[in-house]
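**Student:** Coordinates only, no sequence provided:
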Ligand SMILES: O=C(O)[C@H](O)COP(=O)(O)O
């Protein structure tokens, strides 16, 4: 058990606007994180737990200081943010889930939790082949099964053979009961964070309706406006703008800090939650995003470098040399995999 870790939550860390970082544990309340403790970033369901307070846990680490998450530095810490921006480069992969049973039936799906079809399973596996040489350190998915299936199936193809493991931080018991007690096993794992903020836009009263029949009933133009306009919501549903408010906020608060710290990230999500994120990454206008269409199961690669997102398109096949020549780091990663596996 030399490598085993003892992680015990002993308090919480609170960020209070101008008054700084406070540690609150038992009867103690001190301003800074005490020596010998480290910060583990938690993911509360809504990203922000209450106004001005983000969810962190202070964990007391034994001799081994490793956890599934490396400490993440807040982007609001300007000095560090700037230096990380300069030094780090990371891959960002976006994948829209494979075909779902309601895509096949041409039904508005939105937040209804529908699994993949056989074709969707195959698309996810094919997507996995395309990214099998690209490093993945963390995976974010929506809370919906079609995105989670896609992420997991894609990872079955990855040459590095790390094990994707869904993090359960919904309450303290879930967190403790899913703890991994081997540093070596943790190193061979990829944390998977499921977040409702990455869910498909909520399609309101259109959910479950046939897309063609809806166009016949309300008119092609009206339905196109509901589906593709930026700020016009479908009846009692979310517009793309409303979807962006939660999806892009989550991306900025939870995903960008990981990229800033050099982590390679994959996001498996949905047509519209990804359209809103791409709108942010590519700085598209509300006019330009109208014509942005995403196919199911096609991975898209971005390189995050010097604080900028560089769009690299979709890796075509695992053998496509060009993809791995995008950056020296990617080429080196692939070379390492080749050496390891031959
Ligand atoms: O939720 C749905 O119905 C689809 O996944 C996305 O639909 P859209 O193409 O109408 O945006």
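**Tutor:** Here it is on my side, so go on. Keep in mind it's a predicted model, so treat the numbers as computed, not measured. Numbers count the residues shown, from 1 in each chain.
**Student:** For the ligand, what's its nearest residue on the chain.
**Tutor:** Here the residue of the chain nearest the ligand is residue 109; by CB to the nearest ligand atom that distance is 3.6 Å. Every residue, glycine included, has its C-beta placed from N, CA and C.
**Student:** Residue 99 is in contact with that residue, correct?
**Tutor:** No. With contact defined as CB atoms under 8 Å, residue 109 does not count as touching residue 99 (11.0 Å).
**Student:** Spell out which residues sit in contact with the residue nearest to residue 244 when sequence neighbours are not counted, please.
**Tutor:** Closest residue to residue 244 apart from its sequence neighbours, by CB to CB, 6 or more residues apart in numbering: residue 276 at 3.6 Å. Residue 276 makes contact with 240, 243, 244, 247, 248, 289, according to CB atoms under 8 Å, 6 or more residues apart in numbering.
**Student:** For residue 276, pull up the helix or strand it's in.
**Tutor:** helix 271-281 (DSSP states H and E).
**Student:** and after that helix, which helix or strand comes next?
**Tutor:** For helix 271-281, the following helix or strand on the C-terminal side (DSSP H and E) is strand 299-305.
**Student:** Can you pull the residues of the stretch 101-250 of the chain lying near the ligand?
**Tutor:** Listed as neighbours of the ligand in the stretch 101-250 of the chain under the rule CB under 6 Å from any ligand atom: 108, 109, 110, 200, 203, 227.
**Student:** Need the three-state assignment for residue 176.
**Tutor:** Secondary structure, DSSP: H, G, I helix; E, B strand; the rest coil: residue 176 is helix.
**Student:** Got the confidence number for it?
**Tutor:** Note on residue 176: pLDDT of 97.
**Student:** same thing with residue 328?
**Tutor:** pLDDT for residue 328: 80.
**Student:** can you tell me how far it sits from residue 303?
**Tutor:** From residue 328 across to residue 303, the span is 11 Å (CB to CB, to the nearest Å).
**Student:** neighbour-wise, which of these two wins?
**Tutor:** Taking other CB atoms under 10 Å, residue 328 and residue 303 do not tie; residue 303 has more neighbours (19 against 9).
**Student:** Just say helix, strand or coil for the nearest residue to that one once chain neighbours are set aside.
**Tutor:** If the residues on either side of it in the chain are set aside, residue 303 comes closest to residue 310, at 4.6 Å by CB to CB, 6+ apart. Going by three-state DSSP, the secondary structure assigned to residue 310 is strand.
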